[in-house]
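> what would the 3D arrangement of this be:
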Amino acid sequence: MPGLTALSAAALAAAVREGRLSPLEILDAHLERIVAHNPALNAIIAVDAERARAVARTHNRQGTLAGVPLTIKSSLDVTGLPAECGSRLRAGNIAATDATLVARLRAAGALILGVTNVPEFLMAWETDNALYGRTNSPWDLSRTPGGSSGGESAAIAAGLSAGGIGSDGGGSIRVPAHFTGICGLKPTPGRIPCTGHFPGSVGPFVQLGVVGPMARSVADVRLIFEACAGLDWGDVRAVDLPIRKPDTAGVRVAWFDDNGIAPVTPEIRAAVRAAAGALSAAGIEVEQHYPSGLDGFFDLFILFFVQCGIVFLQPLVDELGDRISPTLQRYWTKALQRQRPDFPGLVLGWAQRDQMRLTLLEQMRRFPILLSPVCSTPAFRHGEREWNVDGRRVEYLESFSYCELCNVLGLPAAVVPAGVSPEGLPIGVQVIGRPFEEELVLAVAEIIESAHWTPKRTLADATTLG
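Next up, the predicted model:
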């Protein structure tokens, strides 16, 4: 059947449960598309075709993700597949078991197609490494699909898989979703277990790093989220919280397009304002407002992500020596310009982060949802590290500060397409919520999705772009 790879995860699962499609024909359609388009994209680094076919042949046609082909970021364990995190230091590392969320996806009926490319140790907002090379955007091969879940976003946007799992310590789900015109959810730490992810979310990274769903629609993101969420004692932030039905009645939304750190391009500003207009048209009260008390959050991100990251990465970088990938080398050179945190600085920063979170959550009593840009620009060209936006020089880390806020403060956030650049590149907006209110975040994102952004080409045909 033509067009199977363009169908949503929800539509595929429904067709399997109702007997209109078989898991095997869905799987074969996606495998054929991988053969046709993955060489140009370099999104999937290992395909588990034979195991997936064996599962598809004996599939019981049950589950919320029955017969749905998914991909998994290669920083997560998938039995029998590489779990190398893009590094020569882990070359040949094969996962012996499934990460908790992968096992849950299989239990929901999903077919795991394979694992996707990442930057070395996930330390970039583009995807390139010395093991597998560079991943390209399906919208423009000269541009990046983002990072560190860039292989995942490229695969999903191009129809190589119906959805999948990324991870996010500073925008690594949301930036790739924005760059490739798909949807993604960074959940609250603990809502989806990080068990089986490398590097682990421990120490200062407990509040920063999470795993979460990515797909071509908000409904599919919700479907994957519901299959993955739940208590698991392998995650230090584990919570036992049932899925709830959201209610958008009476919700107020504060939107902003400038955080005082990095300006955004006119088309991104227009997308945020259009998304705010869509919510207003749907009867939701919206107001332009940037929360107070957030001064210094970018410095806190530098402290916990970069300065603390140096401490954790130093032994790995030392062991890599000249085998380090150029992408990680660029990050490492820049990171070394920052001092390692001293003990008083770390303790005071921790306290400042907690107080800032309390200050923001008090304001979010009035505005449970915040609407913002994802970053300063649409998808950038491979290797770029700074941009001129509204006459100002914007550096790499600053550009992604709209995402970094949510990691510093442990807030859930979704990205949904809401615009298109003059070059035809997709533009997403970020819907931010209060801790453990992912269901409301997705409900608001779905309102924006229903009102906006019709791409010039369908996502399934995106790989026709050069």
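> list the contacts of the nearest residue to A83 once chain neighbours are set aside.
In space, and not counting its chain neighbours, A83 is closest to A95: 4.3 Å by CB to CB, 6 or more residues apart in numbering. The way it works is simple: take the backbone N, C-alpha and C, and place the C-beta from them, glycine included. Applying CB atoms under 8 Å, 6 or more residues apart in numbering to A95 gives the contacts 77-83, 196.
> who wins for neighbours among these?
The most crowded member of those, judged by other CB atoms under 10 Å, is V78 (29 neighbours).
> D98 is in contact with that residue, correct?
Yes - in terms of CB atoms under 8 Å, V78 counts as a neighbour of D98; the distance is 6.1 Å.
> check the gap between the residue nearest to A83 and G391 for me.
Per CB to CB, to the nearest Å, A95 is found 48 Å from G391.
> run the chain-centre distance for the host helix or strand of S372.
Assigning secondary structure by DSSP states H and E places S372 in strand 369-373. Centroid separation for strand 369-373 versus its chain: 16 Å, with CA atoms, centre = their mean, to the nearest Å.
> could you list the low-pLDDT ranges of this protein?
1-2, 452-460, 462-466 (pLDDT under 70).
> please redo it, this time with the cut-off set to 90
1-2, 201-207, 238, 334-341, 451-466 (pLDDT under 90).
> max-length helix in it?
Taking DSSP state H as the criterion, the chain has its longest helix at helix 343-363.
> mind giving me the packing neighbours of that helix?
Contact here means 3 or more CB pairs under 8 Å, 6 or more residues apart in numbering; DSSP states H and E; on that basis helix 343-363 packs against helix 297-301, helix 401-409.
> I would like the residues contacting whichever helix or strand comes after the first one, please.
Proceeding C-terminally, helix 297-301 gives way to helix 308-320 as the next helix or strand, assigned by DSSP H and E. Residues from elsewhere that reach helix 308-320 (CB under 8 Å, 6+ apart): 87-89, 121, 123, 199, 203-205, 324, 328, 332, 335-336, 338, 340-341, 346.
> now do 6 Å
For helix 308-320, the external contacting residues (CB atoms under 6 Å, 6 or more residues apart in numbering) are 89, 204, 332, 335, 340.
> which non-adjacent residue is nearest the third one?
For W332, the nearest residue in space outside its immediate sequence neighbours is V317; the separation is 5.8 Å by CB to CB, 6+ apart.
> please save the CA atoms from stretch 100-115 in PDB.
Extracted in PDB, the C-alpha atoms of stretch 100-115 (Å, rounded to 0.1, in the frame of the first residue of the first chain):
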ATOM      1  CA  THR A 100      13.200   0.300  30.500                       C
ATOM      2  CA  LEU A 101      11.300   2.500  28.100                       C
ATOM      3  CA  VAL A 102      12.300   0.400  25.100                       C
ATOM      4  CA  ALA A 103      10.900  -2.700  26.900                       C
ATOM      5  CA  ARG A 104       7.700  -0.700  27.500                       C
ATOM      6  CA  LEU A 105       7.400   0.300  23.900                       C
ATOM      7  CA  ARG A 106       7.800  -3.400  22.800                       C
ATOM      8  CA  ALA A 107       5.100  -4.300  25.400                       C
ATOM      9  CA  ALA A 108       2.800  -1.700  23.800                       C
ATOM     10  CA  GLY A 109       3.200  -3.500  20.400                       C
ATOM     11  CA  ALA A 110       5.900  -1.300  18.800                       C
ATOM     12  CA  LEU A 111       8.400  -2.700  16.300                       C
ATOM     13  CA  ILE A 112      11.900  -1.300  17.100                       C
ATOM     14  CA  LEU A 113      13.600  -0.600  13.700                       C
ATOM     15  CA  GLY A 114      17.000   0.400  14.800                       C
ATOM     16  CA  VAL A 115      19.100   3.100  16.500                       C
END
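> what number of residues lie near the residue lying closest to N42 once chain neighbours are set aside?
Nearest-residue entry for N42: T135, 4.9 Å, with adjacent residues in sequence omitted and distances by CB to CB, 6+ apart. Using other CB under 10 Å, T135 has 32 neighbouring residues.
> show me what contacts T135?
Contacts of T135 (CB under 6 Å, 6+ apart): 42-43, 117, 127, 145, 150-151, 154.
> again, only using 8 Å
Residues counted as contacts of T135 (CB under 8 Å, 6+ apart) are 41-43, 117, 127-128, 144-145, 150-151, 154.
> who touches the residue most central in space within the chain in this structure?
Residue closest to the mean C-alpha point of the chain, counted by CA atoms, centre = their mean, is I173 at 1.1 Å. Residues in contact with I173, defined by CB under 8 Å, 6+ apart, are 149, 166-167, 184-186, 212, 214, 415.
> can you list those in TSV and add distance to L358 and secondary structure?
TSV is the format used below for the contacts of I173 (distance: CB to CB, whole Å; DSSP: H, G, I helix; E, B strand; the rest coil):
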residue	distance to L358	secondary structure
S149	30	coil
G166	29	strand
S167	26	strand
G184	27	strand
L185	24	strand
K186	20	strand
G212	24	strand
M214	31	strand
V415	26	strand
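> between which two of the residues you listed is the distance greatest?
S167 and V415 (14.5 Å; CB to CB).
> contacting residues for K186?
Shown in contact with K186 (CB under 8 Å, 6+ apart): 168, 173-174, 210, 212, 403, 406-407, 412-414.
> switch the cut-off to 7 Å
168, 173-174, 210, 212, 406, 412-413 (CB atoms under 7 Å, 6 or more residues apart in numbering).
> can you map out the helices along the stretch 201-350 of the chain?
218-228, 266-281, 297-301, 308-320, 326-335, 343-363 (DSSP state H, counting those that start in this stretch).
> any idea which of the ones you listed is most buried?
Burial of these is given as mean neighbour count (mean count of other CB atoms under 10 Å); helix 218-228 ranks first at a mean of 24.
> elements contacting that one?
With contacts defined as 3 or more CB pairs under 7 Å, 6 or more residues apart in numbering; DSSP states H and E, helix 218-228 has these neighbours: helix 9-17, helix 100-107, strand 183-186, strand 210-215, helix 438-451.
> got the contact list for the last one?
For helix 438-451, the external contacting residues (CB under 7 Å, 6+ apart) are 185, 187-188, 191, 217-219, 221-222, 225, 243-246, 248, 253, 275, 278-279, 281-282, 368-369, 412-414, 416, 418, 429, 431, 433.
> could you flag which of the residues you listed are buried?
185, 187-188, 191, 217-219, 221-222, 225, 246, 248, 253, 275, 278-279, 368-369, 412-414, 416, 418, 429, 431, 433 (16 or more other CB atoms under 10 Å).
> and V239, how many neighbours?
A count of nearby residues for V239, using other CB under 10 Å, gives 17.
> spit out the contact partners of the nearest residue to it once chain neighbours are set aside.
Spatial nearest neighbour of V239, excluding adjacent residues (CB to CB, 6+ apart): G190 at 4.3 Å. G190 sits next to 235, 237-239 when contact means CB under 7 Å, 6+ apart.
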